[in-house]
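In: Give me a model of this one.
(one chain, ligands or ions: 1)
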Amino acid sequence: MWFNDVIKGAGLGLRTAFIEQVFDNPIKPDWFEIAPENWIKKRGYFRKLFEKIRENFPVACHGLSLSIGSPEPVNKKFLKDLKDFLDYYEIKIYSEHLSFSYLDGKNLFELFPLPFTKEMAYFISDKINQVQDFLNRTLIIENISYYYVPYMEISETEFIKTILKKTGAKLLLDVNNVYVNSVNHGYDPYKYICSFSSDDVAYIHIAGHHKIDDNLIIDTHGNEITNEVYKLLDFTLDKIGYKPVLLERDNNIPPYNKLLDEYMKLKSRVEKYERV
Ligand SMILES: [Fe+2]
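Out: Numbering: from 1, shown residues only. Predicted coordinates:
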């Protein structure tokens, strides 16, 4: 898959908290993922640092505000700004969440789950096709973590596969989200993973979570990755074959060297599959 010519191995979510330390540290992540919304309007010192990152590393964009599941039409002004940014920095990879975060013109500042229905899959597919045509890029959509499902006519995996088939979009498979949802909603995460082929998946996310009790996990991206999630990652890479994997750490961010310890743990795992 062409994605693997752009990003390879293990990546790290870029945060302003440690961007200044990236260049002097002898450990260099294979690639970075950024939220374009955080950088499109940034100027001055941090913009220069981002440009240095782009000059030295492969970069993938992972958006926050496309809100592909909103009833509203796609926001063309946002898409134009996004396309200008992606084109200017020659960033080919753009992913987003299978969710909605805008309703009635208001930003809800949260990723909300969608009803898993055929009608919603067709509705979203039309919007994804518009986005892909506008951006001239394949959209990569991520399975989100959620704490309720508004309505379930078909399974989540059938919902996603319907969208992939109708659009040619690819999946950003978040194995932590699969694990968190499997505990909170009582399904088999391994069966979920087996629903997808290597061709369906562009890359993988992994992150830490916070366990409240045996039946409730909160998806915080604020802790180290658990053994259960690593086990699911190993299974995923065994089952669908090698894919690039991104470490997400958005809260409770440790000192950069400590974050790199976790990054190296992930990298050594991913490299085993990269060599196969
Ligand atoms: Fe994710």
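
In: Run through the residues that contact the closest residue to the ion within the stretch 51-200 of the chain.
Out: Nearest to the ion, among the residues of the stretch 51-200 of the chain, is D174, at 3.8 Å (CB to the ion). Quick note: C-beta positions are derived from backbone N, CA and C, even for glycine. Going by CB atoms under 8 Å, 6 or more residues apart in numbering, D174 touches E142, N143, I144, S145, I204, H205, I206, A207.

In: between those residues, which is nearest F109?
Out: Among the contacts of D174, I144 lies closest to F109 (CB to CB), at 14.5 Å.

In: correct me, but the closest one touches L111?
Out: Yes: at 5.2 Å, I144 and L111 qualify as touching, with contact defined as CB atoms under 8 Å.

In: tell me, what's touching the two both at once?
Out: In contact with both I144 and L111: H97, S99, using CB under 8 Å, 6+ apart.

In: Would you mark the buried spots in the helix or strand harbouring F159?
Out: Assessed by DSSP states H and E, F159 sits inside helix 156-167. Applying a neighbour-count criterion of 16 or more other CB atoms under 10 Å, one finds E156, T157, F159, I160, K161, T162, I163, L164, T167 buried in helix 156-167.

In: Mind giving me the packing neighbours of it?
Out: helix 118-135, strand 139-142, strand 170-174 (3 or more CB pairs under 8 Å, 6 or more residues apart in numbering; DSSP states H and E).

In: got TSV for those, with mean pLDDT too?
Out: Output for the helices and strands packed on helix 156-167, formatted as TSV (pLDDT from 0 to 100):
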stretch	mean pLDDT
helix 118-135	98
strand 139-142	98
strand 170-174	98
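
In: and these as CSV, adding distance to M264?
Out: Listed next are the helices and strands packed on helix 156-167 as CSV, based on distance: least, CB to CB, whole Å:
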stretch, distance to M264
helix 118-135, 34
strand 139-142, 24
strand 170-174, 21
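
In: Good, we can wrap up now.
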